[in-house]
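Colleague: have a look; sequence and predicted model below, questions after that.
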Amino acid sequence: MSEPVRLRITEIFHSLQGESATAGCPTVFVRLTGCPLRCGYCDTDYAFTGGEWMTLDAILSRVGSFATPYVTVTGGEPLAQKACLVLLAALCDAGYRVSLETSGALDICRVDPRVVRVMDLKTPASGEVERNRYENLECLQPQDQVKFVICDRADYEWSREQLLQHSLATRCEVLFSPAFGQQDAADLAGWERSDLECDNPRGPDWWATRPHD
């Protein structure tokens, strides 16, 4: 008999989604242990090591105990564990609406297409810009999201350049998020607002009129 699928889990908990298109929705978070990156703004370094080995069945049972349709698999970097792909598919098979929060440094193309992939592009101030795997951009679907965590104005300008160079707004939703304690959210919103007309290939009114889930 084959060994049961196991993953190292830092925590499984129930909370409100604070980011992405499902912000505010009750969500079960499955935080996998381990990450090959060391971003300067990371607030989950406790997930780099430790954790508890759990079987796939045990994870699904724990997730099911919260009776919530939304599940986010996060880390650390969840794709650093090969069995993450099996977990994502199993959650989709169980009927959950599943999202994956990933650094963008590892291959996302083998992720189950039912999963919403929320993928970072690491900015220069993150300290990990060289880890970006740009091949992932070709795998993005309209349901996916690309996230830039902005630490300063230079990060913002770099992110604008990536948005335009790779036509990201025509591929999927794009999120600009201020790094906590480093970038003022109001200033970031002001930069975006003033640049919206020239930055957005869908026209100056797109942001105000786009549908929200």
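Modeller: Sure thing, it's come through.
Colleague: give the contact list for Pro69.
Modeller: Residues in contact with Pro69 (C-beta atoms under 8 Å, 6 or more residues apart in numbering) are Gly95, Tyr96, Arg97. Bear in mind the C-beta positions are built from the backbone N, C-alpha and C, glycine included.
Colleague: need the pLDDT of the last one.
Modeller: Spelled out, that is Arg97. On pLDDT, Arg97 comes in at 97.
Colleague: elements contacting the longest strand seen in the chain?
Modeller: Looking across the chain with DSSP state E, the single longest strand is strand 6-16. Packing contacts for strand 6-16, counted by 3 or more C-beta pairs under 8 Å, 6 or more residues apart in numbering; DSSP states H and E, involve strand 26-32, strand 52-55, helix 56-64.
Colleague: and these: which comes nearest Val111?
Modeller: strand 26-32 (13.6 Å; C-beta to C-beta).
Colleague: just to revisit the earlier point, contacts for the longest strand of the chain, please.
Modeller: Here strand 6-16 makes contact (C-beta under 8 Å, 6+ apart) with 23-34, 46-47, 50-56, 59, 62-63, 66, 68, 75-76, 81, 83-84, 87.
Colleague: again, only using 6 Å
Modeller: Identification of contacts with strand 6-16 by C-beta atoms under 6 Å, 6 or more residues apart in numbering yields 24, 28-31, 33, 47, 51-55, 62, 66, 81, 83.
Colleague: so which of those residues wins on neighbours?
Modeller: In terms of neighbours by other C-beta atoms under 10 Å, those top out with Val30 at 26 neighbours.
Colleague: tell me what it is bridged to.
Modeller: Assessed by DSSP bridges, Val30 has beta-bridge partners Ile12, Val73.
Colleague: stretch 68-86: end-to-end distance?
Modeller: End-to-end distance for stretch 68-86, by C-alpha to C-alpha, to the nearest Å: 20 Å.
Colleague: confidence score at Cys25?
Modeller: On the pLDDT scale, Cys25 gets 89.
Colleague: show me the contacts for it.
Modeller: Gln17, Tyr70.
Colleague: can you rerun that using 8 Å?
Modeller: So Cys25 contacts Leu16, Gln17, Tyr70 (C-beta under 8 Å, 6+ apart).
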